[in-house]
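Asks: coordinates only, sequence not included:
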């Protein structure tokens with residue numbers, strides 16, 4: 001699975017979160033406590049662990065895992081709400097744009113390790129089912145050795161960090177701290193890439209909750225550290241130091257946890273062997289290639305915007321992508337369980353169940369993406385002003401274009417996840433190459449096209465990727481037909497329009513005089529958001545966007561078991 005769309009300025013912990021969400025393909029719906037370590041895992045008798053037994057159980061399991069992931073993401077979004085305005089206040093919009101470039105380079109220096117972690121996780125999950133921990137140890141140890149060799153390429157990045165910063169178009173006032181930040185993060189990424197196996201052991205052992213808890217903890221710690229550094233006069237290099245300490249802390253937590261919950265899987269030189277190289281190249285290598293290409297793709301536009309339009313436009317683009325990514329956090333949480341559920345259903349051989357799963361996946365993606373993205377398109381400039389105090393005139397159009405690109409990207413990424421669930425590993429790489437080619441063809445004329453045209457080119461690129469992945473899903477799962485989605489799309493679009501109309505009417509309700517412009521904007525947004533929230537369920541009911549079975553499943557997801565049981569007894 002690819003890293004998050006448009007999240008080119010993720011903090012270290014947030015980049016870790018993107019990889020912590022790589023699913024195991026053995027089962028889903030594992031419910032474990034996150035406040036204690038389990039006993040070391042032993043294989044089950046039948047080789048499978050807590051696999052849902054029916055389509056409804058699978059839907060509820062996917063929903064619960066999505067909701068659980070949503071809770072972790074809320075903490076990350078909350079930290080952004082606090083830190084980004086403070087960063088902009090101390091470093092300016094241009095400084096924040098430079099910081100996003102540094103984070104882009106840091107993600108690039110991970111060498112797409114998101115892919116290798118996903119493959120490692122799958123190997124560990126298989127071992128917990130079949131008991132073959134020796135094979136898993138060989139694959140993880142040999143793969144980690146390969147990652148060490150690849151990561152050596154980060155050392156020249158540290159040596160030539162100054163030239164790299166200049167080539168990226170970093171202004172002179174930020175050149176020195178940016179150079180030191182890039183150099184330090186390049187060295188830290190060597191450790192991060194090699195330590196990927198321990199994070200994969202934790203998640204592959206069905207303790208994704210622990211990885212998310214670590215991510216949340218270090219995300220909040222990073223926020224506190226960054227605010228403290230800026231308060232005492234620190235700048236880009238101080239922020240990068242906080243990120244580096246967080247990265248090391250996260251890896252240490254994963255190392256200790258992996259040793260505690262699954263000591264049967266070992267990562268050391270004695271397990272490095274040539275016998276597993278072919279499997280690593282076939283499966284892990286294809287995953288790695290997808291994510292290396294994704295990292296390359298995500299680095300194109302931030303650098304282009306900075307070089308062609310300056311630091312201020314780079315900051316505008318960084319803010320818009322931050323908001324759009326936050327709006328898609330529920331959808332991102334949904335991708336983790338859908339891949340594990342999709343792999344399980346595909347392995348069962350039931351074409352009808354797979355068709356139903358694909359249909360529901362696209363419907364849920366539309367439901368959780370359409371409203372938040374259109375809401376941001378309508379009220380985004382007010383959100384940015386209330387959040388950061390910035391009122392750049394380019395924000396409104398930029399937000400709409402990035403929202404459109406995010407909408408297409410969501411369906412494109414869902415298609416990739418479903419395609420990967422089938423075990424195939426070709427068309428998703430072609431999709432990555434196609435997107436890179438289309439985007440490069442557009443940004444090559446950035447100076448002539450202008451800022452808005454380049455963002456429109458991003459939307460076109462994501463549209464091409466979406467169409468291609470719909471084709472790939474249709475070719476892989478012959479029971480799937482895109483035209484079957486038209487009815488649900490029309491109903492959900494109508495429901496979204498009704499909700500936004502209620503929000504627009506709410507703007508007409510007068511408010512008491514408030515002298516502070518930002519505070520007035522916050523109150524107005526709260527009023528609109530409350531009106532939309534109250535109108536959401538009636539709109540879904542009037543347009544018949546939810547079936548009765550979906551309503552029952554949603555109730556089962558949201559209400560704890562004890563609450564439902566008590567209600568049934570009372571009735």
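Replies: Perfect, I can see it now. Just so you know, these numbers come straight off a predicted model, no measurement behind them.
Asks: contacts only, for residue 362.
Replies: 411, 414, 485, 488 (Cβ atoms under 8 Å, 6 or more residues apart in numbering). Just so you know, the C-beta spots here come from the backbone N, C-alpha and C atoms, and that holds for glycine as well.
Asks: from residue 387, how far off is the nearest residue to residue 430 once chain neighbours are set aside?
Replies: In space, residue 430 comes closest to residue 468 once its chain neighbours are excluded; the distance is 7.5 Å by Cβ to Cβ, 6 or more residues apart in numbering. Separation of residue 468 from residue 387 (Cβ to Cβ, to the nearest Å): 35 Å.
Asks: repeat that for residue 502.
Replies: 23 Å.
Asks: before we move on, what about residue 253?
Replies: From residue 253 to residue 387 the distance is 31 Å (Cβ to Cβ).
Asks: then residue 152?
Replies: For residue 152, the distance to residue 387 - Cβ to Cβ - is 41 Å.
Asks: just want to know which of those two has more residues nearby.
Replies: residue 387 (20 against 10; other Cβ atoms under 10 Å).
Asks: check the secondary structure at that one for me.
Replies: Here residue 387 is helix, with the state taken from DSSP: H, G, I helix; E, B strand; the rest coil.
Asks: okay, it and residue 77: tell me how far apart.
Replies: Following Cβ to Cβ, the distance that separates residue 387 from residue 77 is 11 Å.
Asks: helix or strand right after the helix or strand hosting residue 489?
Replies: Per DSSP states H and E, residue 489 falls inside helix 486-506. Next along the chain after helix 486-506, taking DSSP H and E as the criterion, comes helix 517-542.
Asks: tell me what that following helix is packed against?
Replies: helix 351-388, helix 486-506 (3 or more Cβ pairs under 8 Å, 6 or more residues apart in numbering; DSSP states H and E).
Asks: quick check: angle from the shortest one to helix 351-388?
Replies: Here the directions of helix 486-506 and helix 351-388 differ by 20 degrees (axes from the mean of the first three to the mean of the last three Cα atoms, to 10 degrees).
Asks: buried ones in helix 486-506, by neighbour count?
Replies: 488, 491-496, 498-500, 502-503, 506 (16 or more other Cβ atoms under 10 Å).
Asks: who touches that helix?
Replies: Taking Cβ under 8 Å, 6+ apart as the rule, helix 486-506 contacts 359, 362-363, 366-367, 370-371, 374-375, 378-379, 527-532, 534-536, 539-540, 542-545.
Asks: one more time with 6 Å
Replies: 363, 366-367, 370-371, 527-528, 531-532, 535-536, 539-540, 543, 545 (Cβ atoms under 6 Å, 6 or more residues apart in numbering).
Asks: next one: it to chain centre, how far?
Replies: Distance of helix 486-506 from the chain centroid (Cα atoms, centre = their mean, to the nearest Å) equals 26 Å.
Asks: kindly report the same for stretch 129-145.
Replies: Centroid separation for stretch 129-145 versus its chain: 27 Å, with Cα atoms, centre = their mean.
Asks: and the residue nearest to residue 430, how far from residue 224?
Replies: Using Cβ to Cβ, we find residue 468 at a distance of 43 Å from residue 224.
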